[in-house]
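**Q** Could you look at this predicted model? Sequence included:
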Amino acid sequence: MKRKVFMVRADLAESISELASRRGTLFDFVNDVLEQALRAESMGLTLGEALDEMWTLKAAKESGFTFVPEKLMYDLVERAHKRLGEKAMEDLWFEAGQWYGRYYEDLEAFTKHIRGFFWDISELKASKEGKTLSLTCLCSKFSEAYTRLFGKFLEGALNVFGYELEQSDISKGIINLNCKESKGT
């Protein structure tokens, strides 16, 4: 078998050598890493993007998310909304938002994961100016009820991060929340 020599930074070579010694040979380890990088590229991803995707799935699993076909999810939410009533469902979603908000160390980590968990969200961004926070979420697939409930979920998380809702503008597929920092934060 023909071999080639690659140049790498000394710190990387040292770390890879240490890791490889625990897992087999350096030759096998480096070849495996390069094969996986090529595999990711063949799927249209860099190795870093593939690892980020895997990290998102792992974080979703660890934080209690589950995968449900979106049609089923939206239909079940609509039926529960009609059966249980708006207030009960809003309270449930607000509480869930608080729970998930507590799971993350800050709003930036939370929004990053939510964007990764809810694939159909086309935009989720938070912008802060002074003590005011604006959060926008867009998803053309959300029904009217689902949009309102997801808004409550986001509001619950923002509450955990020290924000109180001042104004909300919610319509089918569009959530705009304007909040102020709570006293004491």
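**A** Sure, I can see it.

**Q** Show me where this structure has its helices.
**A** Along the chain, counting by DSSP state H, helices occupy 10-23, 26-42, 47-62, 70-84, 86-103, 107-117, 144-160.

**Q** From the contact counts, what lies against the third one?
**A** Pointing back at helix 47-62 there. Counting contacts by 3 or more Cβ pairs under 8 Å, 6 or more residues apart in numbering; DSSP states H and E, helix 47-62 is packed against helix 26-42, helix 107-117. The way it works is simple: take the backbone N, C-alpha and C, and place the C-beta from them, glycine included.

**Q** for the record, mean pLDDT for the first one?
**A** Read it as helix 26-42. For helix 26-42, mean pLDDT is 91.

**Q** Could you check the angle that helix makes with helix 10-23?
**A** In terms of direction (axes from the mean of the first three to the mean of the last three Cα atoms, to 10 degrees), helix 26-42 departs from helix 10-23 by 110 degrees.

**Q** now do the last one
**A** Angle between the axes of helix 107-117 and helix 10-23 is 60 degrees (criterion: the same axes, to 10 degrees).

**Q** For helix 107-117, give me every contacting residue.
**A** Helix 107-117 is contacted by residues 53, 56, 59-60, 63, 65, 100-101, 104, 121, 124-126, 133, 135, 154, 157-158, 161 when judged by Cβ atoms under 8 Å, 6 or more residues apart in numbering.

**Q** Let me know the pLDDT of C179.
**A** Listed pLDDT for C179 reads 96.
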